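**Q** no letters, just coordinates:
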């Protein structure tokens, strides 16, 4: 059993949860308040099997108890059984219309059902008790954002921050809203003032770092992320921001070092090592990137993107045969990613292996997200291999669905302009 799952929880919570998990039938009695604590723990850590066990226990010991019913509604929502959750909560509301916990749960369900107006209505009711206003106001802001009402979203994000200066979601989402609106100066001013007023708010320092990073002020961004890490050395997201900032400054060694320092706090080591490789790839250091990508595959041999990037590195090192093998491996592991197919197709086309490219593209285009990217290449390969009927059929299909792709097709493969029949189809559109 991984006891780290109790990090940031009080010892009393840990004791209750372990007692519940180790109980023997009929040997331990839990009262309603204890079951609430246990259920809320499982909900917070997204352990829905544990939550179901607590709910079943509570229904057996205290049938019809409102707090147990509320946790059952949380369980139904967590499992995306929203109509059942809504039915149960509306029944509870009829019996206790002023219960703000029920209102909050209804707000969450209506949000998940894509009904932001109803969600806002219930979140406002939930706010009447004055409890957890930072989170409640942030939820209301999120719903206004879904409605496209940025002004109200910003207003409520600011209300959330006023109620709780460390409300990280409100801080970050406010910054995103202002960034999308091009209000960078206002954002810098607000968050600079906020960290002055609340110098130990790691979320505020992190958000300020993001604001500076989006404005390409990488040095200031790095300083802000450093402050966030100084407050909490386990703040994983800040290490990623710090790495990106150093990469923006072209200080690639420091970018990798920031990632290395995050490894102790990472849930996915393979991703962090992959990120180190990507830093070196972006710097054009493919030899070093190659070694890091092999380290990724020691952690996770099924990491398709790492195999793909091995292929890219090898291409840049003029190792075409090795690159082709890596691209094929990526396709085998995750055939749903267009990029892997297209990387291999481009390699085959560059090597004038048009027949192989045709077969590959025909196989890949069937389930492609963007089949037009496959068809432009396939048209050229059919042209080069003399498969005229297939080429003309593809051109006619493109003319009917994506004629705006023709200029790019001719820029990419100008040889096609020598084919009179092909040009007759293209010129019609």
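**A** Happy to help now that I have it. Keep in mind the model is a prediction, meaning the values are calculated, not measured. Numbers count the residues shown, from 1 in each chain.

**Q** all contacts plus neighbour counts: C-alpha atoms, from now on.
**A** Noted.

**Q** which intervals of the stretch 1-150 of the chain have sub-threshold pLDDT?
**A** Scanning the stretch 1-150 of the chain with the threshold set as pLDDT under 70 gives 1-4, 24-28.

**Q** could you redo the last one with a cut-off of 50?
**A** 1-3 (pLDDT under 50).

**Q** ditto for the stretch 251-400 of the chain
**A** Ranges of the stretch 251-400 of the chain meeting pLDDT under 50: none found.

**Q** can you give me the helices in it?
**A** Here the stretch 251-400 of the chain has its helices, by DSSP state H, counting those that start in this stretch, at 252-262, 269-282, 286-299, 304-316, 320-333, 338-350, 354-365, 371-385, 388-401.

**Q** go through the ones you listed and pick out the most buried.
**A** Greatest average neighbour count among the helices of the stretch 251-400 of the chain goes to helix 304-316 (a mean of 24), per mean count of other C-alpha atoms under 10 Å.

**Q** just checking, what packs against it?
**A** Contacts defined by 3 or more C-alpha pairs under 8 Å, 6 or more residues apart in numbering; DSSP states H and E place helix 304-316 against helix 286-299, helix 320-333.

**Q** ok, and the closest non-adjacent residue to residue 129?
**A** residue 100 (6.9 Å; C-alpha to C-alpha, 6 or more residues apart in numbering).

**Q** I'd say the one you found and residue 128 touch.
**A** Yes: between residue 100 and residue 128 a contact is recorded at 7.4 Å, counting by C-alpha atoms under 8 Å.

**Q** neighbour count for the two, which is higher?
**A** residue 100 (21 against 12; other C-alpha atoms under 10 Å).

**Q** give the contact list for the more buried one.
**A** 125, 126, 127, 128, 129 (C-alpha atoms under 8 Å, 6 or more residues apart in numbering).

**Q** just these: which are in strands?
**A** In this view, the contacts of residue 100 have no member that belongs to strands under DSSP state E.

**Q** nearest to residue 69 among these?
**A** residue 126 (17.7 Å; C-alpha to C-alpha).

**Q** could you check how far that closest one is from residue 410?
**A** 60 Å (C-alpha to C-alpha, to the nearest Å).

**Q** the more surrounded of those two?
**A** Neighbour totals were compared for residue 126 and residue 410, and residue 126 leads with 25 against 16 (other C-alpha under 10 Å).

**Q** gap between the more buried one and residue 104?
**A** Distance from residue 126 to residue 104, by C-alpha to C-alpha: 5 Å.

**Q** could you give the number of residues near residue 87?
**A** With other C-alpha under 10 Å as criterion, residue 87 counts 12.

**Q** one more: residue 428?
**A** 8.

**Q** mind listing what it touches?
**A** Applying C-alpha under 8 Å, 6+ apart, no residues qualify as near residue 428.

**Q** if I look at it, how far off is residue 168?
**A** 56 Å.

**Q** check residue 405 too.
**A** For residue 405, the distance to residue 168 - C-alpha to C-alpha - is 44 Å.

**Q** so between those two, which is more surrounded?
**A** Between residue 405 and residue 168, counting by other C-alpha under 10 Å, residue 168 is the more crowded of the two (21 against 15).

**Q** nearest residue to the more buried one other than its sequence neighbours?
**A** residue 203 (5.1 Å).

**Q** quick check: what element follows the strand or helix carrying that neighbour along the chain?
**A** For residue 203, the host element (DSSP states H and E) is helix 202-214. Under the assignment DSSP H and E, the closest C-terminal helix or strand after helix 202-214 is helix 218-231.

**Q** output the helices of the stretch 251-400 of the chain as a markdown table; include the columns distance to residue 177.
**A** A markdown table is the format used below for those (distance: least, C-alpha to C-alpha, whole Å):
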| stretch | distance to residue 177 |
| --- | --- |
| helix 252-262 | 27 |
| helix 269-282 | 27 |
| helix 286-299 | 35 |
| helix 304-316 | 31 |
| helix 320-333 | 37 |
| helix 338-350 | 31 |
| helix 354-365 | 37 |
| helix 371-385 | 33 |
| helix 388-401 | 36 |
